[in-house]
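J.: coords please:
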Amino acid sequence: MEATDILVSIVLWVVLSLYVTGNLYWIYQVMTRVVSYNPPSLAHGGGAIEVRIVTVGNESVVAETVRNLPAELDRRYIISEEPVDVPGAEVLVVPDEFESKAINKGRAIEWARQAVPCQREYVLYLDEDSHMDTFDGIPDDDIVQFTEQPRRTTSLLAHLCEINRMGFQIEQRGFQSGSIPLYTWGGGVAIRSSIEEAVTWDYPTLIEDTVFTWRTFVELPERPSFSVLSDTISGQSPPSLSEMIRQRRRWISGSRENNTILSFDRIIMYGLRDLSWSVTAVVPLFLLLGNLPGVDVFAWQIHQAISGVLLSFVFIWVGIGIWQVRPAPAIAGLSLVLAPATSVLHSVGALWGLVSPPDSFDVTAKVDEVADRHPQHQRPNTNERLPQRHSPDTNDD
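T.: A predicted model of the protein is given here:
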């Protein structure tokens, strides 16, 4: 083989190896933990929960989120960077002079934690676009993760990428039996207030929700409990591909900057997963390179066979995503047809973040939604329904 062939062979096989590693770990997660997932038993109703909705100041968007809150979640705060007027919730405006190690969203949450301490057992954090259609209670765990559900806005392709991501993200159901959760979705997470006070948000990171969970598991003397509810909370899909790509760039940059707080084996695992996700964006290019006339790739037939098997996982993830999101039949069909393309688009931002981490935090743009719009998806609730009861609270009005 010539030097060029050797170089191309090394690149192609290294990229494939990284992709194989990521897929094998996903299979391990699903087969050992997700298949045995059972929704946790519910123990606390709305009287034990305080809702805190974090916003940069999108008044109309956050007003729709408040409007969608179930009535039993009666204690509601909006933590905003700018003054907003939203019926049904008390607004807390973060002062410009507040100083904290935390940045961006984490800084706002940390100010509110200090200024207005939670007086209930749990604080439920929602993003400004998080819609909760139903509430049946939460389990008696330290951190409770609701299942994310994407809601289409203006970009169909970005929404199809979100459906793809939901399929891969089914692994999250296995986090409650793992040693430490891989990530947390801050658009719907309930945290025991005593845990929040012990850990705080006073830490500089681009992915404050995930890093808070990591720090909880690393810093506390006793291992906390973590559970995942099958109940869904919907959030807006990015309004454009460019917004989605920047969002993914921020995610991977944040995880790579902060995973050093974990044990060495977890750092290696996260590194391999990040690389696997990133190289997805260039797999088609490298496959084309291997098929160029005059290029002799080592064991090319075996490489193509393995690549074909890996391609099937794209359709598996989209299939699971369709089952989770339950889109209209036309959207479901389009998701399957465009699965390879959405898989690549979903990874472009990760590749960008890997080679060029962002210097600043860009909030993903939100879209105003019609107030009387019906929910786009409605999954049947399989959790045990908790009888509604009000827990006494020293600060109830």
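J.: Got the domain ranges for the chain?
T.: If you go by automatic domain parsing, the domain ranges for the chain are 3-32+270-355, 39-247.
J.: most tightly surrounded among those domains?
T.: With neighbours taken as mean count of other C-beta atoms under 10 Å, these reach their highest mean count in domain 39-247, at a mean of 20. In this view, the C-beta of every residue, glycine as well, is placed from N, C-alpha and C.
J.: Run the chain-centre distance for that one.
T.: 10 Å (C-alpha atoms, centre = their mean, to the nearest Å).
J.: Surely Glu197 touches Gln114?
T.: No - if you go by C-beta atoms under 8 Å, Glu197 and Gln114 don't touch, sitting 9.9 Å apart.
J.: Just name the shakiest helix or strand of the chain by mean pLDDT.
T.: Confidence across the helices and strands of the chain bottoms out at helix 283-290, with a mean of 72, counting by mean pLDDT, DSSP states H and E.
J.: Leu262: which of the domains of the chain is closest?
T.: Minimum separation from Leu262 across the domains of the chain (C-beta to C-beta) falls at domain 39-247, 6.2 Å.
J.: Let's test this: mean pLDDT of stretch 111-123, rounded?
T.: Across stretch 111-123, the average pLDDT comes to 97.
J.: go on, stretch 226-242?
T.: The average pLDDT for stretch 226-242 rounds to 96.
J.: got the CA coordinates for that stretch in PDB?
T.: Taking Å, rounded to 0.1, in the frame of the first residue of the first chain, the C-alpha atoms of stretch 226-242 are listed here in PDB:
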ATOM      1  CA  PHE A 226     -31.700   9.800  41.200                       C
ATOM      2  CA  SER A 227     -34.800   8.700  39.300                       C
ATOM      3  CA  VAL A 228     -36.300   9.200  35.800                       C
ATOM      4  CA  LEU A 229     -40.000   9.700  35.300                       C
ATOM      5  CA  SER A 230     -41.700   8.600  32.100                       C
ATOM      6  CA  ASP A 231     -44.000  11.600  32.500                       C
ATOM      7  CA  THR A 232     -43.000  14.100  29.800                       C
ATOM      8  CA  ILE A 233     -42.500  17.900  29.800                       C
ATOM      9  CA  SER A 234     -42.300  19.400  26.300                       C
ATOM     10  CA  GLY A 235     -39.800  22.000  25.200                       C
ATOM     11  CA  GLN A 236     -39.500  23.900  21.900                       C
ATOM     12  CA  SER A 237     -37.300  22.300  19.200                       C
ATOM     13  CA  PRO A 238     -34.700  24.800  18.000                       C
ATOM     14  CA  PRO A 239     -36.300  27.300  15.600                       C
ATOM     15  CA  SER A 240     -33.500  26.800  13.000                       C
ATOM     16  CA  LEU A 241     -30.600  24.500  12.100                       C
ATOM     17  CA  SER A 242     -28.100  27.200  13.000                       C
END
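J.: Tell me what angle whichever strand or helix holds Ser17 forms with helix 283-290.
T.: Applying DSSP states H and E as the criterion places Ser17 in helix 3-29. Computed by axes from the mean of the first three to the mean of the last three C-alpha atoms, to 10 degrees, the angle separating helix 3-29 from helix 283-290 equals 150 degrees.
J.: Find me the pLDDT at Thr65, would you?
T.: 97.
J.: so the nearest residue to Thr260 once chain neighbours are set aside, which of the three states?
T.: Nearest residue to Thr260 in three dimensions, chain neighbours excluded: Ile267, at 6.5 Å (C-beta to C-beta, 6 or more residues apart in numbering). Recorded secondary structure, Ile267: helix (DSSP: H, G, I helix; E, B strand; the rest coil).
J.: Remind me what the longest strand along the chain packs against, helices and strands.
T.: Of all segments of type strand in the chain, defined using DSSP state E, the longest is strand 226-236. Counting by 3 or more C-beta pairs under 8 Å, 6 or more residues apart in numbering; DSSP states H and E, the packing neighbours recorded for strand 226-236 are strand 143-151.
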